[in-house]
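S.K.: Next one to model:
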Amino acid sequence: MSYPQQHTPEQKLAEAKQHLSIPHVVVICGSTRFMAEMAQADLRETVAGRIVVKPGFDTKSPHGLGIDPADAEAEADAQAQAQVQALKVRLGELHRAKIRLADEVLVVGDYIGDSTRAEIAYARSLGKPVRFTHPEVAPGA
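M.R.: Residues are numbered from 1 along each chain as shown. You can find the predicted model right below:
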């Protein structure tokens, strides 16, 4: 007797996206110092017919959320630093969800720091293809 094969959540998501005719989804990763380059990559990928998700903002810059990272560091305000750190953790979790949602990762910029390196490793652990705007900085290149 043969039993139907169980699908993983990832397989179910891929099937649902195909069934719904959802275009290829690309998540942009990289240091937030490259926000302008990320916007350009977003434009190129969108024009190519892909859905693009990327970091929403740079946590190192003032962003109007009531927490100024520069003030938190300059004043050594423990509460403000804790708020900034908690925000970074939440945004990291959100970005990993974007990676899970995406069909592919595009790493933008000519520098790869620890956070981006971890995102690349996470994407690869999920079997996601990873492209680089600057292939010479690819880990293992």
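
S.K.: From here on, just use CA atoms for contacts and neighbour counts.
M.R.: Noted.

S.K.: Quick check: buried residues in the longest helix anywhere in the chain?
M.R.: If each helix of the chain is counted by residues according to DSSP state H, the longest one is helix 78-101. Judged by neighbour count using 16 or more other C-alpha atoms under 10 Å, the buried positions of helix 78-101 are 80-81, 83-84, 91, 95-96, 98-101.

S.K.: Against which helices or strands is that helix packed?
M.R.: strand 25-29, helix 69-74, helix 114-125 (3 or more C-alpha pairs under 8 Å, 6 or more residues apart in numbering; DSSP states H and E).

S.K.: any idea which of these scores lowest on pLDDT?
M.R.: Of all the helices and strands packed on helix 78-101, helix 69-74 carries the lowest average pLDDT, namely a mean of 54.

S.K.: ok but residue 5 is inside a strand, no?
M.R.: No. Assigned with DSSP: H, G, I helix; E, B strand; the rest coil, residue 5 falls outside any strand and is coil.

S.K.: Run a quick neighbour tally on it.
M.R.: 6 (other C-alpha atoms under 10 Å).

S.K.: before we move on, the earlier item: residue 133 is nearest to which of the helices and strands packed on helix 78-101?
M.R.: Residue 133 lies closest, by C-alpha to C-alpha, to one member of those: strand 25-29, at 10.4 Å.

S.K.: Quick check: neighbours of that closest one in the sheet, parallel or antiparallel?
M.R.: strand 51-53 (parallel), strand 104-107 (parallel) (DSSP bridges).

S.K.: so where's the protein shaky on pLDDT?
M.R.: Applying pLDDT under 70 to the chain flags the ranges 1-2, 59-76, 141.

S.K.: Roughly how far does residue 86 sit from residue 79?
M.R.: Applying C-alpha to C-alpha, to the nearest Å, the value for residue 86 to residue 79 is 10 Å.
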